[in-house]
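Participant: no FASTA, just this:
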């Protein structure tokens, strides 16, 4: 089969490339090699264009999901390392995926569970702050100090309550709960 120089994939082909890249962690150059062995000659740059086009088309869905999550009364947030190839240097640098999640099922909440991932080049609290404009509920996080800037007195915008530690308390018990 002659190689495709340009064009748009079917929804199925686009979905296959996205799932292979992001769920199976199969780089585009390896996908191109696999397709080539099957007689389908697609350049890696064509696959990259398809990924970019899919991201553009899916952006409104992502934005709606983030907006829905930020209307919640409580959210969970965590960050995790994401190695990223640094173009030109052939080395990896460390970025971070930030997860913003809601799951009210354990306490009978009515909102459906949801999670959205964003990428940031660092782990500092500034990145969490950039993700959360418009959210004013309880944010459950781990003990990472980067989240402290979300409750700093000089922070502009509605207050966010951080919930880091839970401990069972008896009715009427007072004192510091950690």
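Facilitator: Here it is on my side, so go on. Keep in mind that this is a model prediction, so the values were computed, not measured.
Participant: helices of the protein, start to end?
Facilitator: 11-22, 28-37, 44-70, 125-131 (DSSP state H).
Participant: what separation do you get for the spatially most central residue of the chain and residue 80?
Facilitator: Residue closest to the mean C-alpha point of the chain, counted by CA atoms, centre = their mean, is residue 117 at 1.0 Å. As judged by CB to CB, to the nearest Å, residue 117 and residue 80 stand 9 Å apart. For glycine as for every other residue, the C-beta is placed from the backbone atoms N, C-alpha and C.
Participant: which pLDDT value goes with residue 24?
Facilitator: What the model reports for residue 24 is a pLDDT of 95.
Participant: gap between it and residue 31?
Facilitator: Separation of residue 24 from residue 31 (CB to CB) stands at 9 Å.
Participant: for those two, work out which one has more neighbours and name it.
Facilitator: The neighbour count for residue 24 versus residue 31, taken as other CB atoms under 10 Å, is higher for residue 31 (18 against 9).
Participant: which non-adjacent residue is nearest that one?
Facilitator: Using CB to CB, 6 or more residues apart in numbering and skipping the chain neighbours, the partner closest in space to residue 31 is residue 20 (5.5 Å).
Participant: count the neighbours of the one you found for me.
Facilitator: Neighbours around residue 20, by other CB under 10 Å: 17.
Participant: before we move on, back to that, got the contact list for the closest residue to the residue nearest to the centre of the chain other than its chain neighbours?
Facilitator: What sits nearest to residue 117 in space, not counting adjacent residues and going by CB to CB, 6+ apart, is residue 97, at 5.0 Å. Residue 97 sits next to 79, 80, 82, 117, 118, 119 when contact means CB atoms under 8 Å, 6 or more residues apart in numbering.
Participant: ok, now residue 134?
Facilitator: With contact set as CB under 8 Å, 6+ apart, residue 134 has these partners: 67, 70.
Participant: change it to 6 Å
Facilitator: Applying CB atoms under 6 Å, 6 or more residues apart in numbering to residue 134 gives the contacts residue 70.
Participant: I'd like the distance between it and residue 70.
Facilitator: From residue 134 to residue 70 the distance is 5 Å (CB to CB).
Participant: what does residue 44 give?
Facilitator: In this view, residue 44 and residue 70 are 36 Å apart by CB to CB.
Participant: who's more crowded, those two?
Facilitator: With neighbours defined as other CB under 10 Å, residue 44 and residue 70 compare such that residue 70 has more, 18 against 14.
Participant: my read: the more buried one touches residue 135, true?
Facilitator: Yes: if you go by CB atoms under 6 Å, residue 70 and residue 135 touch, sitting 4.2 Å apart.
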